[in-house]
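1. Okay, predicted coordinates and the sequence, questions at the end:
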Amino acid sequence: MKNAALVIMAAGIGSRFGGGIKQLAPVGPGGEIIMDYSIYDALKAGFNKVVFVIRRDLEKDFKEIIGNRIERIVDVSYAYQELDDIPKTFKGRWLDRVKPWGTGQAILCCKGIVKDPFLVINADDYYGKEAYRVIYEYLSREQDNQAEDVNSGSLHICMAGFVLKNTLSSNGAVTRGICSVDEHDMLTDIEETYDIVQSGKIAAAQRGNKRIELPLNSTVSMNMWGLPAEFLSKLEGGFYEFLSGLDEQELKKEYLLPQIIGGMVQNKQAEVKVLPSPDRWFGVTYREDKEAVVKAIGNLVDQGIYPEKLFDR
């Protein structure tokens, strides 16, 4: 078995952790939250380390609700994403900013902790079992070849590609990375697209100042990336460049993985293999989604895909 880590981005789950936060709502018959199912699927696929990216003010509650329990079954580490965790050159700027710097900064916090290939996921998304399996297999195959890729300036990355219609919420609009993929299942472009809702046999969405139509079978990214450990060094340099290009009044701009990786593809710094997943995504994007998620998990338990009780609580 090859070493590979599961990195869960959980720093944005809210400051009132456990006090009705939608991402932490119990959805399984044993009181499981969505993260429990993600970890269960990852361990079954072969991943042997879990890294939680959290904020320090959440640490005590986080460990009580899920961390301490998961530590009993797998190697667990913590990385901390904070607003002021930026290069010294930029300290003192953006004093009115209130949120950390996005998913790119979240993963950069893992530098020094993650030393093997790793999979990135969101804390509040259910991805299905297949994506974990195919990404672990990809990372295992590529692990021995990464040194050559680094020397040539190009990294081999993979991404779980979901079908747009399988990732929509019936309770409101969603944001997705719409992917362009060539005949070899390689990513050629990714565009962050907002306010996507189903409208009959198509989806309507906002891209910049335009309202556009999207086929429901479009390939989308759900921030599920398989990455070599060397990616973290690329991320560090990119974060410095990102901050250097910001105006001191740009309080909300974020350093985001889809834009980072998309830029690397355009600059020939990375190749991204899109691994199609037939699974249906679900998550608690809106509070009204919880009922549907509970029902979906219940159906999976009834089918025998998951046991009624995942882990000892």
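-> Cool, the structure landed.

2. for the chain, what are the low-confidence residue spans?
-> When residues are selected by pLDDT under 70, those of the chain lie in 1, 14-20, 22-23, 144-153, 312-313.

3. mind redoing it with 80?
-> 1, 13-25, 143-153, 208, 248, 284-287, 312-313 (pLDDT under 80).

4. Which of the helices or strands spans the most centrally placed residue in it?
-> In the chain, the C-alpha nearest the mean C-alpha coordinate belongs to Ile121, at 2.8 Å (CA atoms, centre = their mean). When elements are assigned from DSSP states H and E, Ile121 belongs to strand 118-122.

5. Which other helices and strands does that strand contact?
-> Other helices and strands packing on strand 118-122, by 3 or more CB pairs under 8 Å, 6 or more residues apart in numbering; DSSP states H and E, are strand 5-9, helix 129-142, strand 219-227. (C-beta placed from N, C-alpha, C; glycine too.)

6. Okay, strands next: where are they in the stretch 101-250 of the chain?
-> In the stretch 101-250 of the chain, the segments counted as strands under DSSP state E, counting those that start in this stretch are 118-122, 125-126, 155-163, 174-181, 187-199, 202-207, 210-215, 219-227.

7. mind checking how far the first one is from the chain centre?
-> If I follow you right, that is strand 118-122. Distance of strand 118-122 from the chain centroid (CA atoms, centre = their mean, to the nearest Å) equals 5 Å.

8. again with the third one
-> Between the mean C-alpha point of strand 155-163 and the mean C-alpha point of its chain there is a distance of 11 Å (CA atoms, centre = their mean).

9. List the strands paired with it, with their directions.
-> With DSSP bridges as the test, strand 155-163 is paired with strand 219-227 (antiparallel), strand 270-276 (parallel).

10. now, of the ones you listed, which is deepest in the fold?
-> Comparing the strands paired with strand 155-163 by mean neighbour count (mean count of other CB atoms under 10 Å), strand 219-227 comes out on top with a mean of 24.

11. got the angle for that one vs strand 174-181?
-> 80 degrees (axes from the mean of the first three to the mean of the last three CA atoms, to 10 degrees).

12. before we move on, the earlier item: possible to save the strands of the stretch 101-250 of the chain as a markdown table with distance to Tyr40?
-> Output for the strands of the stretch 101-250 of the chain, formatted as a markdown table (distance: least, CB to CB, whole Å):
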| stretch | distance to Tyr40 |
| --- | --- |
| strand 118-122 | 13 |
| strand 125-126 | 11 |
| strand 155-163 | 17 |
| strand 174-181 | 25 |
| strand 187-199 | 28 |
| strand 202-207 | 31 |
| strand 210-215 | 32 |
| strand 219-227 | 16 |
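
13. between those strands, which gets nearest to Lys60?
-> strand 118-122 (22.4 Å; CB to CB).

14. What residues sit buried inside that closest one?
-> Residues Phe118, Leu119, Val120, Ile121, Asn122 are the ones in strand 118-122 that count as buried (16 or more other CB atoms under 10 Å).

15. Same check on stretch 288-308?
-> For stretch 288-308, by 16+ other CB under 10 Å, it's Asp289, Ala292, Val293, Val294, Ile297, Leu300, Val301, Tyr306.

16. Stretch 180-200 now?
-> Val181, Leu187, Ile190, Glu191, Thr193, Ile196, Gln198.

17. tell me which of the residues you listed is nearest to Arg207?
-> Distance ranking of the buried residues of stretch 180-200 against Arg207, using CB to CB, places Thr193 first at 5.1 Å.

18. Now do the contacts for that closest one.
-> Thr193 sits next to Thr175, Arg176, Gly177, Ile178, Ala205, Gln206, Arg207, Ile212, Leu214 when contact means CB atoms under 8 Å, 6 or more residues apart in numbering.

19. Ile212 contacts Ala205, doesn't it?
-> Yes. Taking contacts as CB atoms under 8 Å, Ile212 lies within contact range of Ala205: 5.5 Å.

20. Those two: which is more packed in?
-> Each of Ile212 and Ala205 has its neighbours counted (other CB atoms under 10 Å); Ala205 has more, 24 against 15.

21. What's opposite the closest residue to that one other than its chain neighbours in the beta bridge?
-> Nearest non-adjacent residue to Ala205, counting by CB to CB, 6 or more residues apart in numbering: Ile196, 4.2 Å away. In this entry, Ile196 is beta-bridged to Val174, by DSSP bridges.
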